[in-house]
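Undergrad: this is a predicted model, with the sequence first.
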Amino acid sequence: MSLLNKKAPEFCLPNQDDVEICLRDLSGRWIILYFYPKDSTPGCTTEACDFSAKEPEFDDMSAIILGVSPDSTKSHRNFITKKELKISLLSDVSKDIIKAYEAWGLKKMYGKEYEGVIRSTFIINPEGEVVAQWSKVKVKDHAKEVKAKLEELQKA
């Protein structure tokens, strides 16, 4: 199932500073919402660092970048400090929002199946609709791809 061209599922989650961030409070802005499995793991670090490096360019496009994982806010604080990230990370310990965005499901690693976060990214427009969606994201050049899509959407 796809969330494309549908109202983005509402969320209120604590960020790395234990401040609640809600979708409704971001109304009128473009949102890059990405879901990732775990802080400080190789792929997730690359993705977070890439988005962080491009954060000023997204900011110039009136877009905010939010990463979401099931990690605790303390884990997010450590990750941000260690990697000097410039983006906000939201904590979804219950996995309710991850599931609402269909970013939770069956995964395979080394022949074993297990449930986990499916690396996914969404662009939410200022009206709160999902206007772009990626699932099973490959980290390399993903931030660049998301930025190009946002530029295209903003020109439309």
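TA: Cool, the structure landed.
Undergrad: what lies in contact with the longest helix along the chain?
TA: The longest helix of the chain (DSSP state H) is helix 42-60. Identification of contacts with helix 42-60 by Cβ atoms under 8 Å, 6 or more residues apart in numbering yields 32, 34, 36-38, 64-65, 67, 69, 79, 83-87, 89, 119, 137, 139-140, 142-144, 146-147, 150. Where C-beta positions appear, they are placed from N, C-alpha and C, glycine not excepted.
Undergrad: quick one: mean pLDDT for the helix or strand just after that helix?
TA: Sequence order places strand 63-69 as the next helix or strand after helix 42-60, per DSSP states H and E. Here strand 63-69 scores 98 as its mean pLDDT.
Undergrad: quickly run through the sheet partners of strand 63-69, with directions.
TA: strand 30-35 (parallel), strand 88-91 (parallel) (DSSP bridges).
Undergrad: with adjacent residues omitted, what lies nearest to the residue nearest the centre of the chain?
TA: For the chain, residue 34 is the residue whose C-alpha lies nearest the centre (Cα atoms, centre = their mean; 1.5 Å). Counting by Cβ to Cβ, 6 or more residues apart in numbering, residue 34 lies nearest to residue 121, which is 4.2 Å off, once chain neighbours are set aside.
Undergrad: could you check how far the worst-scoring helix or strand of the chain on mean pLDDT is from the centre of its chain?
TA: Least confident helix or strand, the chain: strand 104-109 with a mean of 89, by mean pLDDT, DSSP states H and E. Distance, stretch centre to chain centre, for strand 104-109: 18 Å (Cα atoms, centre = their mean, to the nearest Å).
Undergrad: list the contacts of that strand.
TA: 95, 98, 113-118.
Undergrad: are any of those buried, and which?
TA: The neighbour count (16 or more other Cβ atoms under 10 Å) marks 95, 98, 116-118 as buried among the contacts of strand 104-109.
Undergrad: so which of these sit within strands?
TA: Mapping these onto strands (DSSP state E) picks out 116-117.
Undergrad: closest one of the buried ones among the contacts of strand 104-109 to residue 4?
TA: residue 118 (15.7 Å; Cβ to Cβ).
Undergrad: and for stretch 83-99, what's in contact with it?
TA: 9, 11, 13-16, 21, 35, 39-40, 45, 48-49, 51-52, 55-56, 64-73, 75-76, 79-80, 104, 117.
Undergrad: can you give me the end-to-end distance of that stretch?
TA: One end of stretch 83-99 sits 27 Å from the other (Cα to Cα, to the nearest Å).
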